[in-house]
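Undergrad: With the sequence up front, the predicted model follows.
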Amino acid sequence: MTRPDDVLCTLKVSLGERSYPIHIGPGLLGDARWLVPHLAGRQVMVVTNETVAPLYLERLKAALPDDLTVRELVLPDGEATKTLESVERIWDALLEAGFNRRCTLVGLGGGVIGDMVGFAAACYQRGVAFVQVPTTLLSQVDSSVGGKTGVNHPRGKNMIGAFWQPRAVLIDTDTLSTLPSRELSAGLAEVIKYGLIRDEGFLAWLEARMADLRGLEPAALARAIERSCSLKAEIVAEDETEQGVRALLNLGHTFGHAIETHQGYGRWLHGEAVGTGMLMAAELSRRLGWLDEADVARTRATLEAAALPLAAPADMTGEDFLAIMRLDKKNLDDRLRLILLEGLGKACIHDETPPEILSRLLEDFPRR
Ligand SMILES: NC(=O)c1ccc[n+]([C@@H]2O[C@H](COP(=O)([O-])OP(=O)(O)OC[C@H]3O[C@@H](n4cnc5c(N)ncnc54)[C@H](O)[C@@H]3O)[C@@H](O)[C@H]2O)c1
Ligand SMILES: O=C(O)C(=O)C[C@@H](O)[C@H](O)[C@H](O)COP(=O)(O)O
Ligand SMILES: [Zn+2]
């Protein structure tokens, strides 16, 4: 049994009058004290997938008191299942169980589950409570925090969704012990993102500790999760609905989402596409005169140390990129808005990239 003081830390996401906690530590999943205070009423629907269920569902359910009505829904796995049809299955299950407005949805899994459960909660009976229990590194450092929820459309990532904040985020660091190494690397891409956009010191720390992180060294992982969540919480508190600074969290995503969409959801992991996209953003920043060769080399080396791909798909042309990038949610009117780097640790929103410089980058960036 985990004692409360075993929790490594609790952070807070402050949103005006509202706030919610992010609890980070080993063993949280199986301890009622972290989940039960955040339930809205007596009805609980735990939504997970077929990979995570055999690993963690029983442990989570065992922590819930017997006098609650608990239902579970186990969805298929994979980015290709992040669809409205999957969300409809959640709504069907809630209605079938007769759940009302005081129910709570619990998303147990990676970002795909978390994004869908959050969206289901945002819409069910016009909005019910939900709690994020993220089990991948990517979901622990990024998707579980901040309230972006939704599903993909064949024409673009996360095109249908809502801002809907969880009541709490419970990060059980023990769950990372079962994560495949490719998924760990994908999560490291979003961790590196925080260093690149906002914290050069953290980037330097990541360069020094990358081997420990890939080796699942507990203290290194805890520090990476805590710093990432705290940077994300700070940005979301400043700009909940992406009117300004929150767009910086999209570094690498305009290119990365284009790769995911073009290749078919699931072929590239989100973190892999974002890693390549961040290198594209760094190279574009260099061509605009903001970064020097050494900055780009450092970005490339950090991504390489995390075992992330460094080249775009061989079958994707510059025009393929542009066609999808034109639909990006950050764009205003007909202007492409990109997140670029004025320096390492300093990102900016840019909507004046000369089209010929962008097109050349999209054509001559390495392919694999
Ligand atoms: N809402 C946001 O702010 C936000 C931020 C970043 C990413 N995202 C979204 O998150 C998704 C990517 O999330 P992800 O990388 O977690 O992918 P994912 O949810 O597909 O999980 C990755 C894989 O790991 C498995 N898995 C999960 N936990 C495990 C564990 N502990 N042990 C073993 N296997 C485990 C999953 O079943 C899946 O096969 C994308 O759809 C992306 O768009 C959203
Ligand atoms: O929280 C945010 O804001 C982010 O942009 C985090 C991203 O890592 C994440 O992939 C997000 O889902 C992308 O959002 P989108 O609005 O570009 O779909
Ligand atoms: Zn992302």
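TA: Yes, it's here. Ligands and ions are numbered 1, 2, ... in the order given.

Undergrad: Which residue, neighbours along the chain excluded, lies closest to Asn158?
TA: Gly150 (4.7 Å; Cβ to Cβ, 6 or more residues apart in numbering). No exception for glycine: its C-beta is placed from N, CA and C like everyone else's.

Undergrad: gap between that neighbour and ligand 2?
TA: Using Cβ to the nearest ligand atom, to the nearest Å, we find Gly150 at a distance of 7 Å from ligand 2.

Undergrad: which residues touch that residue?
TA: 115, 118-119, 158-162 (Cβ atoms under 8 Å, 6 or more residues apart in numbering).

Undergrad: repeat that with 7 Å
TA: 115, 119, 158, 160-162 (Cβ atoms under 7 Å, 6 or more residues apart in numbering).

Undergrad: next one: Leu75
TA: 47, 49, 81, 86, 89.

Undergrad: Could you find the closest non-adjacent residue to Leu332?
TA: Asp351 is the one closest to Leu332 (Cβ to Cβ, 6+ apart), at 7.2 Å.

Undergrad: neighbours around that neighbour, how many?
TA: 12 (other Cβ atoms under 10 Å).

Undergrad: contacting residues for it?
TA: Taking Cβ under 7 Å, 6+ apart, one finds 335-337 in contact with Asp351.

Undergrad: Now with 8 Å, please.
TA: Here Asp351 is in contact with 332, 335-338 (Cβ under 8 Å, 6+ apart).

Undergrad: Enumerate the residues of the stretch 251-368 of the chain near ligand 1.
TA: 270-271 (Cβ under 6 Å from any ligand atom).

Undergrad: who in the stretch 251-368 of the chain is up against ligand 2?
TA: Selection of the stretch 251-368 of the chain residues close to ligand 2 by Cβ under 6 Å from any ligand atom yields 253, 329.

Undergrad: Pick out whichever of the contacts of Asp351 sits closest to ligand 2.
TA: Arg337 (11.1 Å; Cβ to the nearest ligand atom).

Undergrad: residues touching that closest one, list them.
TA: 247, 254, 328, 330-331, 349-351.

Undergrad: With Ala220 instead?
TA: Residues in contact with Ala220 (Cβ under 8 Å, 6+ apart) are 209, 212-213.

Undergrad: tell me the SS of it?
TA: helix (DSSP: H, G, I helix; E, B strand; the rest coil).

Undergrad: thinking again about what came up before, filter the contacts of Arg337 down to the buried ones.
TA: 247, 254, 328, 330, 350 (16 or more other Cβ atoms under 10 Å).

Undergrad: Mind telling me what element the second one is part of?
TA: Element membership of Thr254 [criterion: DSSP states H and E] is helix 253-263.

Undergrad: Can you give me the domain assignment for this protein?
TA: 5-178, 181-364 (automatic domain parsing).

Undergrad: Just send these back as a markdown table, with mean pLDDT too.
TA: A markdown table is the format used below for those (pLDDT from 0 to 100):
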| stretch | mean pLDDT |
| --- | --- |
| domain 5-178 | 97 |
| domain 181-364 | 98 |
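
Undergrad: Quick check, the residue in this structure closest to ligand 2?
TA: For the chain, Cβ to the nearest ligand atom, closest residue to ligand 2: Asn158, 3.3 Å.

Undergrad: returning to that earlier point: against ligand 1, how distant is the residue nearest to Leu332?
TA: From Asp351 to ligand 1 the distance is 22 Å (Cβ to the nearest ligand atom).

Undergrad: same thing with Asn158?
TA: 6 Å.

Undergrad: what's the answer for Thr81, then?
TA: 9 Å.

Undergrad: which residues pair with the residue lying closest to that residue once chain neighbours are set aside across the strands?
TA: Spatial nearest neighbour of Thr81, chain neighbours left out: Leu75 (6.4 Å); criterion: Cβ to Cβ, 6+ apart. Following DSSP bridges, Leu75 is listed with bridge partners Asn49.

Undergrad: Strands along this structure, start to end?
TA: 9-15, 18-25, 43-49, 69-75, 104-109, 129-134, 148-153, 156-163, 168-172, 338-343, 346-350 (DSSP state E).

Undergrad: Out of those strands, flag the one nearest Ala222.
TA: For the strands of the chain, proximity to Ala222 was assessed by Cβ to Cβ; strand 18-25 is nearest, at 6.9 Å.
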